[in-house]
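# turn this into a structure:
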Amino acid sequence: MSSSPLTVLMFGWEFPPFNSGGLGVACAGLAEALHRSGVRVTFVLPRAFPIAAPFVRFRFADEGEDVYDPSPYPSAYPSPQEYEAMEAAKGGGFDRSLLGEVRRYARRARGIARSELFDVIHAHDWLSFGAGIEAKRLSGKPLIVHVHATEFDRTGGHSINREVYECERQGMAAADAVIVLSNFMKGVVMRQYGIPEEKIVVVYNGIDTGPPAAFSAGNAAGSALAALKARGKKIIIFVGRITLQKGPDYFLRAARIVVERDPNALFIIAGGGDMERQMLRETARQGLSHKVIFTGFLRGEELASLYRAADLFVMPSVSEPFGLVALEAVKHGTPAIISKQSGVSEVLRHALTVDFWDVDELANKILSVLRHPSLATTLQENASRELPHMSWTNAAQKVQALYRRFVSWIGV
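Have a look, this model is predicted:
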């Protein structure tokens, strides 16, 4: 029996505040909860960032090079053009493709693993699977891969990138266990990747269940939102990447129906992504530029202000392994409408649900919430009561139970 605490070598691609979406938020939430339970987490990132957190020790795959300025690194899934900008900003050293960076990360993971003492390897999403595989090959330690989204989710099942798919498949095949975010996602992994059911463990994402920040008009977003509310506007929000997976086009189609019936309805899209220009053009084409606001990516106090000011949150995802933003909205007291094609619909019972493609039904439910304050209040109050059961502490307990299956001394 060992008296040393469990040590996890955790590979990720992003971490707050240098994150473009839910992947980094989920990594941080789980790592912090594991730390509170006594687990030591060494979190590895592909490049050196000026970052620190009291609950993890960071390692960087490019240690020894200059600390990287993250300002040109806006996404966990940057385009070739963004990579060229990064290379120019740093004076070279970047591969010209995302897959090149992923392979580079995997090669350098061997050096990290060789210099660390750890009991288990935990790799988040396909971007880090190669690094996890290399660490396992070198150390012989068990590998857990954590699937946050698949190529089928990101593309809606169309135009699959076969190289990305192969990275995902190889990571899941090499792993001792595969964590997925929902039973919805479990089905995708079994059907599309051939992973046996006994190898898959469902661990729902969690949320910090502490009280949310109070509404503030002390920032630019808060001031603008307060002015809109004072004018009687009813605010409906979309928060997330503006990509095919998240269904922003269905949000816009529903907006067109709603504003015809409620002139005070105002739709806000907070995020960025490869469909942003298309969405801006379509908004203008439909004559909705005065009814739909694009804010870009928000975080921190500005995002909290948006949640608190909103009358309704809508998540119309085409294929959503979980949907952490829905829990964030509920935490801030905002009633929610969520896609039936999402993992969060398995645990968030007091939200209205729709099929992502049923724009008429989505519009009807938006109007119902706007017109019936008692419905909004019921959704808000009952959903808030569900949150304590969706904490990162609960998620960390399930992950530790999985570690125990492969690290025999834990709990002995």
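# all strands of the stretch 151-300 of the chain, in order?
Secondary structure of the stretch 151-300 of the chain (DSSP state E, counting those that start in this stretch): strands at 177-180, 200-202, 234-239, 265-270, 292-294.
# mind giving me the packing neighbours of the fourth one?
In this case it means strand 265-270. Packing partners of strand 265-270 (3 or more CB pairs under 8 Å, 6 or more residues apart in numbering; DSSP states H and E): strand 234-239, helix 248-261, strand 292-294, helix 300-309. In this view, the C-beta of every residue, glycine as well, is placed from N, C-alpha and C.
# contacts for it?
Under the criterion CB atoms under 8 Å, 6 or more residues apart in numbering, residues 228, 233-240, 242, 248, 251-252, 255, 258-259, 279, 288, 291-298, 303, 306, 310, 366, 370 lie in contact with strand 265-270.
# hang on, the earlier thing: ok, which of the helices and strands packed on strand 265-270 comes nearest residue 163?
For those, the distance to residue 163 is smallest for helix 248-261, at 26.0 Å, taking CB to CB.
# count of neighbours near residue 32?
Neighbourhood size, residue 32 [other CB atoms under 10 Å]: 18.
# cool, residue 192 as well?
17.
# gap between it and residue 322?
Separation of residue 192 from residue 322 (CB to CB, to the nearest Å): 17 Å.
# what do you get for residue 235?
The gap separating residue 235 from residue 322 is 24 Å, by CB to CB.
# residue 148 too?
Look at residue 148 and residue 322: by CB to CB, they are 8 Å apart.
# could you tell me which residues touch both of those two?
In contact with both residue 148 and residue 322: 22, 181, using CB under 8 Å, 6+ apart.
# low pLDDT regions in the stretch 101-250 of the chain?
Applying pLDDT under 70 to the stretch 101-250 of the chain picks out residues 211-218.
# care to break the chain down by domain?
Structurally, the chain divides into domains by automatic domain parsing as follows: 7-206+391-406, 220-388.
# which ones are touching residue 25?
With CB under 8 Å, 6+ apart, residue 25 has these contacts: 16, 19, 324.
# can you count the residues close to the second one?
For residue 19, the neighbour count with other CB under 10 Å is 21.
# can you check the last one too?
Residue 324 has 27 neighbouring residues, counting by other CB under 10 Å.
# residue 296 reaches residue 272, doesn't it?
Yes. Counting by CB atoms under 8 Å, residue 272 is a contact partner of residue 296 at 5.7 Å.
# for these two, indicate the residue with more neighbours.
Set residue 296 next to residue 272 and count neighbours by other CB under 10 Å: residue 272 wins out with 20 against 11.
# grab the nearest non-local neighbour of the more buried one.
Closest residue to residue 272 apart from its sequence neighbours, by CB to CB, 6 or more residues apart in numbering: residue 297 at 5.0 Å.
# quick check, the one you found in contact with residue 276.
No. With contact defined as CB under 8 Å, residue 297 does not reach residue 276; the gap is 10.2 Å.
# tell me which residues in stretch 261-280 are buried?
If you call a residue buried by 16 or more other CB atoms under 10 Å, then stretch 261-280 has these buried ones: 265, 266, 267, 268, 269, 270, 271, 272, 273, 275, 276, 279.
# next one: stretch 249-260
Using 16+ other CB under 10 Å as the test for burial, stretch 249-260 gives 249, 250, 251, 252, 253, 254, 255, 256, 257, 258, 259.
# nearest to residue 332, of those residues?
Set against residue 332, the nearest of the buried residues of stretch 249-260 by CB to CB is residue 251 (19.0 Å).
# need the contact list for residue 334.
Shown in contact with residue 334 (CB under 8 Å, 6+ apart): 237, 307, 308, 310, 311, 312, 313, 380.
# can I get the helices and strands packed on strand 265-270 in CSV including distance to residue 142?
Listed next are the helices and strands packed on strand 265-270 as CSV, based on distance: least, CB to CB, whole Å:
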stretch, distance to residue 142
strand 234-239, 36
helix 248-261, 39
strand 292-294, 44
helix 300-309, 36
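# looking at those, which has the lowest confidence?
Mean pLDDT per stretch puts helix 300-309 lowest among the helices and strands packed on strand 265-270, at a mean of 93.
# how about that helix as CSV, C-alpha atoms only?
The C-alpha coordinates for helix 300-309 follow below in CSV (Å, rounded to 0.1, in the frame of the first residue of the first chain):
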residue,chain,number,x,y,z
GLY,A,300,-16.2,36.7,-17.0
GLU,A,301,-18.3,39.6,-15.8
GLU,A,302,-19.6,40.5,-19.2
LEU,A,303,-20.9,36.9,-19.9
ALA,A,304,-22.5,36.8,-16.4
SER,A,305,-24.2,40.1,-17.1
LEU,A,306,-25.6,38.7,-20.3
TYR,A,307,-27.0,35.6,-18.6
ARG,A,308,-28.6,37.7,-15.8
ALA,A,309,-30.2,40.2,-18.1
